[in-house]
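1. let me see the structure of the following:
(chains A, B, C and D)
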2 protein chains.
Amino acid sequence: MFCLASASTIDRILDSAELLFAEQGFHSTTLRQITQSAEVNLAAVNYHFGSKQALILAVFRRRLDALNAARLERLDEALAPEEPPQLEAVLDAFVHPALALSHGRDAVGHRFMRILMHAFADRDDQLHRALSAEYAHVMRRFAAAIATALPGVEKKSLRRQLDFIVGALTHTMAECSVKDARAVANDLVQFAAAGLRSAVSSPAMDGAVCTLEMH
Amino acid sequence: MFCLASASTIDRILDSAELLFAEQGFHSTTLRQITQSAEVNLAAVNYHFGSKQALILAVFRRRLDALNAARLERLDEALAPEEPPQLEAVLDAFVHPALALSHGRDAVGHRFMRILMHAFADRDDQLHRALSAEYAHVMRRFAAAIATALPGVEKKSLRRQLDFIVGALTHTMAECSVKDARAVANDLVQFAAAGLRSAVSSPAMDGAVCTLEMH
DNA sequence: ACCCGATTGAAACACCTGTTTGAATCCTAG
DNA sequence: CTAGGATTCAAACAGGTGTTTCAATCGGGT
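-> As a prediction, this is how the structure comes out:
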């Protein structure tokens, strides 16, 4: 049967791996660093997870599932009271759950944003599949919510602007100090809301938004 | 004296390294992959650059210098005619030179954005020093230019929003297909301009921009 | 023509990587 | 209490890493 006493070993490995992956990336982090930091035997990783790649996916999924579940939950809250929802409330539902991962005194949210950044940068196919499999559904729901909050926005343009928000979120949350994280999230919501509104207020300008073109 | 015939070897190494670094990151790319792709001997890297780390910095600086020089040049053009400058023109000067790196048919700009992404994600101290040493000056100049184009914006808030723009730029330009790059840049300029303007239009709201707070 | 520094080449270096093995230990179900 | 599967442990494995070495080759200056 499953012995829950061993969960201690598994969790120690996951925690240590998460910390080291966030700081050094996946490839630069060795199993010996992880097992030493977790105070478990080197073979424990391959015994409990099968391979280093499987450990990476496990570390990744543990937080991403929780993050996206929290996002959808807050999105439902934002969508419930009014129709159409307020744009800032929708963006809040996307941005702020990244902070909520940090329960207690440790900055799990901050760490996971660093890991997300590594995942985006790496060209690891398995990781990208896991990422988009989990993200695609969430992105679609948020795109739909924004589309109702902001009628008239183009689909392709909206998708692109969501990428702007994801990029800005991961970049700044991974870099900023932990105590600034909430202020960063608040600023980003305002920034993104204004950016999104600007696309719908000036219709029929697609592809020629700037007066300056390159030589 | 310097024999220019050897520049062929050095450039072949730099080109191959740049391509592989962009695709796989720094640590995952081996010297044997690089030298095999460049069709030079394995020892050539350590002979011409001293170490793999020095090669990484060389690949990095070659483009970053050109990128930031092009940015400052375009910024001067935007600042010359009018005082205060138009906000979109300033943002254009920051965003569009990333595309201009791609001369000819190959997408150097796109590749370098991927490398930038890896550099941001990695916690390589030397790389970060090189990055901020080169970027700090440029960022200061753009922050000043935006401040004159948008009087009343707070310094701390502006710095944060510049990080949003950098994050959105690297994330989307590294991910998007090459032919979409220009459209992405145009959209980003509009998006960022609106975001920046929103911070100054509603003063005295710092730290409480969202009505929704976490639990 | 020769010589000598600059460059290339093939091989080896010492070290580190993820993974596997098989015995020792733990822990619980019967 | 004991049998047996789950878990830990130390050690080794095969392969890959960046780097070094030293002989071979190149190429221009006196």
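2. do stretch A:182-195 and chain B meet?
-> Yes - using Cβ under 8 Å from any Cβ of the partner chain, stretch A:182-195 reaches chain B at A:182-184, A:186-195. Using the backbone N, CA and C atoms, a C-beta is placed for each residue, glycine as well.
3. can you tell me which of those are buried?
-> For those, a neighbour count by 16 or more other Cβ atoms under 10 Å in any protein chain shown gives the buried set as A:183-184, A:186-195.
4. please identify the helix or strand for A:V138.
-> A:V138 is part of helix A:125-149 when elements are defined by DSSP states H and E.
5. now swap in A:L20 and tell me
-> Element membership for A:L20, per DSSP H and E: helix A:7-24.
6. which strands or helices does that helix pack on?
-> helix A:31-38, helix A:43-49, helix A:52-79, helix A:108-121 (3 or more Cβ pairs under 8 Å, 6 or more residues apart in numbering or on different chains; DSSP states H and E).
7. from the residues of stretch A:182-195 next to chain B, which land in helices?
-> Judged by DSSP state H, helices contain the following of the residues of stretch A:182-195 next to chain B: A:182-184, A:186-195.
8. any idea how far DNA strand D is from A:L150?
-> 48 Å (Cβ to the nearest atom of the strand, to the nearest Å).
9. show me the contacts for that residue.
-> The neighbourhood of A:L150, defined by Cβ atoms under 8 Å, 6 or more residues apart in numbering or on different chains, consists of A:87, A:196-197, A:200.
10. same deal with A:L20?
-> Going by Cβ under 8 Å, 6+ apart, A:L20 touches A:29, A:33-34, A:37.
11. which pLDDT value belongs to A:D206?
-> We note a pLDDT of 45 for A:D206 in this prediction.
12. how about A:V200?
-> 85.
13. helix or strand for it, which one?
-> helix A:181-201.
14. returning to what we had before: and which of the residues of stretch A:182-195 next to chain B is nearest DNA strand D?
-> A:V184 (35.4 Å; Cβ to the nearest atom of the strand).
15. next one: the closest one from DNA strand C, what distance?
-> Separation of A:V184 from DNA strand C (Cβ to the nearest atom of the strand): 32 Å.
16. helices and strands around the least confident helix or strand in chain A by mean pLDDT, which ones?
-> Taking mean pLDDT, DSSP states H and E as the measure, helix A:97-100 is the helix or strand of chain A with the lowest mean score, a mean of 87. Packing partners of helix A:97-100 (3+ Cβ pairs under 8 Å, 6+ apart): helix A:52-79, helix A:108-121, helix A:181-201.
17. do the shortest one and chain B meet?
-> What it means is helix A:108-121. Yes - counting by Cβ under 8 Å from any Cβ, chain B has neighbours in helix A:108-121: A:114, A:117-118, A:120-121.
18. give me the angle between the one helix or strand A:H171 maps to and helix A:125-149.
-> Element membership for A:H171, per DSSP H and E: helix A:155-175. When axes from the mean of the first three to the mean of the last three Cα atoms, to 10 degrees is applied, the directions of helix A:155-175 and helix A:125-149 differ by 120 degrees.
19. average pLDDT across helix A:155-175?
-> Mean predicted lDDT for helix A:155-175 stands at 95.
20. that one near chain B anywhere?
-> Yes - interface with chain B: helix A:155-175 contributes A:157, A:160-161, A:163-172, A:174-175 (Cβ under 8 Å from any Cβ).
21. who wins on neighbours among those?
-> Among the residues of helix A:155-175 next to chain B, the one with the most neighbours (other Cβ atoms under 10 Å in any protein chain shown) is A:A168, at 32 neighbours.
22. how close does that residue sit to B:S198?
-> The gap separating A:A168 from B:S198 is 14 Å, by Cβ to Cβ, to the nearest Å.
23. could you do A:S8 as well?
-> For A:S8, the distance to B:S198 equals 49 Å [Cβ to Cβ].
24. please list the residues of chain A that sit near DNA strand C.
-> Contact residues (Cβ under 7 Å from any atom of the strand) of chain A with DNA strand C: A:1, A:3, A:5, A:29-33, A:42-43, A:45-46, A:51-53.
25. list phi and psi for A:F26.
-> Backbone torsions of A:F26, given as degrees, to the nearest 10, read phi -80, psi -50.
26. report pLDDT for the residue found closest to it once you drop the neighbours it is linked to in the chain.
-> Nearest non-adjacent residue to A:F26, counting by Cβ to Cβ, 6 or more residues apart in numbering or on different chains: A:I56, 5.3 Å away. Predicted confidence (pLDDT) for A:I56: 97.
27. quick check: A:I56 touching A:L131?
-> No - using Cβ atoms under 8 Å, A:I56 is not in contact with A:L131, being 11.7 Å away.
28. neighbour count winner among those two?
-> A:I56 (24 against 17).
29. so where's chain A shaky on pLDDT?
-> Applying pLDDT under 70 to chain A flags residues A:1-7, A:82, A:103-105, A:201-215.
30. mind listing residues that contact stretch A:57-72?
-> For stretch A:57-72, contacts defined as Cβ under 8 Å, 6+ apart pick out A:14, A:17-18, A:21, A:49, A:93-94, A:97-98, A:100-101, A:108, A:112, A:115-116, A:119, A:126-127, A:130-131, A:134-135, A:138, A:141-142.
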